[in-house]
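> I need the structure of the sequence given here:
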Amino acid sequence: MADLWIPDADLAARHSVKYRKFAPDVLPVWVAEMDTDLAEPVKAALAEAVAAGDTGYAHPNGLLEAFAGFASRRWGWAADPGRMVMMPDVMTAVVAFLTVITEPGDTVVVNTPAYPPFLERVAEIGRRTVQSALAETPAGLALDLTRLEADFAAGAAVYLLCNPHNPAGLVLTRGDLLAIAELAERYSVRVIADEIHAPLVYEGSVHVPFLSLGAPAARRAIALSSASKAWNLAGLKCAVLAAGPEAWADVQRIPIDVQYGAGLLGVIANQAAFEHGDAWLDTVIDALDGNRRLAGTLLREEVPQVGYQMPAATYLAWLDFRRTRLGDDPAEELRERGRVALSNGPHFGEVGLGFARLNLASSPERLAEAIHRIATVLA
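Model prediction:
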């Protein structure tokens, strides 16, 4: 896998926020970008477009059919491209759909710890977020259906489901999802399923698309995906919104200019990834599987007081520093004293105090250096 990871000197020359937000001596293992090159089919499609000056306004072209083909191959889901639209990114789609189906003051339930924009962007449009915490179990974080039912029963309008979960790395089972669908139907809660990390599921777990359930709540739901995480395309704006049959009329109420915030190069890259990127994706998953296991070994050896739940999906690890003396926001202390940048736990909600998120998508050597810097601070 050596040629998968970009050399340190080349990473230092990158212009994205991962590598430019902090000083050059700070090792960046925070935001969800991978230290990889592009998949060859994606690189070729982008090079062809640039060479041809094909940089106009976005059109979905074959994007929706490409995603449907990928969903069929990888998850056995016969998704209908006729009930899909392109979007600039997942969060824009979440906000656009919430604006259509809810009113200011309505309640949106989010499992915490949560992807920080879920909490921030929902609040920005005047909706109220309810932080429905995942359960802490001996095996790690897990879905708490009792808590979720109580939050639904209190008057929720929408449930923002993240599966696979960021930052916990959970992959919900079909049974979990059917239970969620039953609760959503009972309490008249609409479901928005963020499935952006679904291509990055490890052996032993299976991604079940929420819209594939066939339950009444799934028919009224939407699901969101993109090649941005699995193929490292975050800067090329493009996502796919898929709607259940009873949600399609609501999707059509989203202003058309929201869709055309997508970038044409993003559409081209996403289509190439979904159509021709399976082999590269399998290579990445294999490398990341090695990294998640390596992280477990190194953390046990160097900082056994830091809790680690090996993710079943994603390349993100939710680290528990509550048994250390780093306080409510360990990432701040680690960045200042250890020159290693993790994502700040408190940004992920109330249950994030004492936690930080580690990005595993680096070379094994770079990952080992990050953990060594953590250990140095805690020594």
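> Which parts of the stretch 151-300 of the chain are helices?
174-186, 216-219, 248-251, 256-259, 264-276, 278-302 (DSSP state H, counting those that start in this stretch).
> shaky segments in this structure?
1-2 (pLDDT under 70).
> so can I have a markdown table of the helices of the stretch 151-300 of the chain showing mean neighbour count and distance to Phe22?
Every C-beta, even on glycine, is put in place using the N, C-alpha and C of the backbone. Below are these laid out as a markdown table (neighbours: other C-beta atoms under 10 Å; distance: least, C-beta to C-beta, whole Å):
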| stretch | mean neighbour count | distance to Phe22 |
| --- | --- | --- |
| helix 174-186 | 18 | 37 |
| helix 216-219 | 20 | 42 |
| helix 248-251 | 16 | 39 |
| helix 256-259 | 13 | 32 |
| helix 264-276 | 24 | 26 |
| helix 278-302 | 17 | 21 |
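> so which of these comes closest to Tyr115?
helix 174-186 (17.7 Å; C-beta to C-beta).
> Which elements pack onto that closest one?
Contacts defined by 3 or more C-beta pairs under 8 Å, 6 or more residues apart in numbering; DSSP states H and E place helix 174-186 against helix 145-153, strand 158-162, strand 190-194, helix 216-219.
> Using CSV, write down the CA coordinates of the first one.
So that's helix 145-153. Provided in CSV are the C-alpha atoms of helix 145-153 (Å, rounded to 0.1, in the frame of the first residue of the first chain):
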residue,chain,number,x,y,z
LEU,A,145,-33.5,3.2,21.2
THR,A,146,-35.0,4.0,24.6
ARG,A,147,-33.5,7.5,24.6
LEU,A,148,-34.4,8.0,20.9
GLU,A,149,-38.0,7.1,21.5
ALA,A,150,-38.3,9.5,24.4
ASP,A,151,-36.8,12.3,22.2
PHE,A,152,-39.2,11.4,19.3
ALA,A,153,-42.2,11.3,21.7
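> what kind of secondary structure is the nearest residue to Ser72 once chain neighbours are set aside in?
Sequence neighbours aside, Ala78 is the residue nearest to Ser72 in space, at 6.1 Å (criterion: C-beta to C-beta, 6 or more residues apart in numbering). Going by DSSP: H, G, I helix; E, B strand; the rest coil, the secondary structure assigned to Ala78 is coil.
> wait, Ala78 sits on Leu211?
No: assessed by C-beta atoms under 8 Å, Ala78 is found out of contact with Leu211, at 10.2 Å.
> re the thing from before, dump the helices and strands packed on helix 174-186 into a markdown table; add distance to His207 as well.
Formatted as a markdown table, these follow (distance: least, C-beta to C-beta, whole Å):
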| stretch | distance to His207 |
| --- | --- |
| helix 145-153 | 19 |
| strand 158-162 | 12 |
| strand 190-194 | 11 |
| helix 216-219 | 15 |
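> Of all the ones you listed, which one is nearest Leu360?
That would be strand 158-162 among the helices and strands packed on helix 174-186, by C-beta to C-beta, at 18.0 Å.
> Run through who's touching the closest one.
Residues outside strand 158-162 that contact it (C-beta atoms under 8 Å, 6 or more residues apart in numbering) are 94, 98, 101-102, 106-111, 114-115, 118, 122, 127, 148, 152, 180, 184, 189-194, 210.
> now stretch 130-140
So stretch 130-140 is in contact with 107-114, 119, 141-144, 147-148, 151, 154, 156, 165, 168, 170, 309, 349-351, going by C-beta under 8 Å, 6+ apart.
> Restricted to strands, list those residues.
Among the contacts of stretch 130-140, DSSP state E puts 107-112, 141-142 in strands.
> which among those residues gets closest to Gly235?
For those, the nearest to Gly235 is Val110 (25.7 Å; C-beta to C-beta).
> which residues sit in contact with the closest one?
118-119, 122, 129-132, 160, 162, 349 are the contacts of Val110 under C-beta under 8 Å, 6+ apart.
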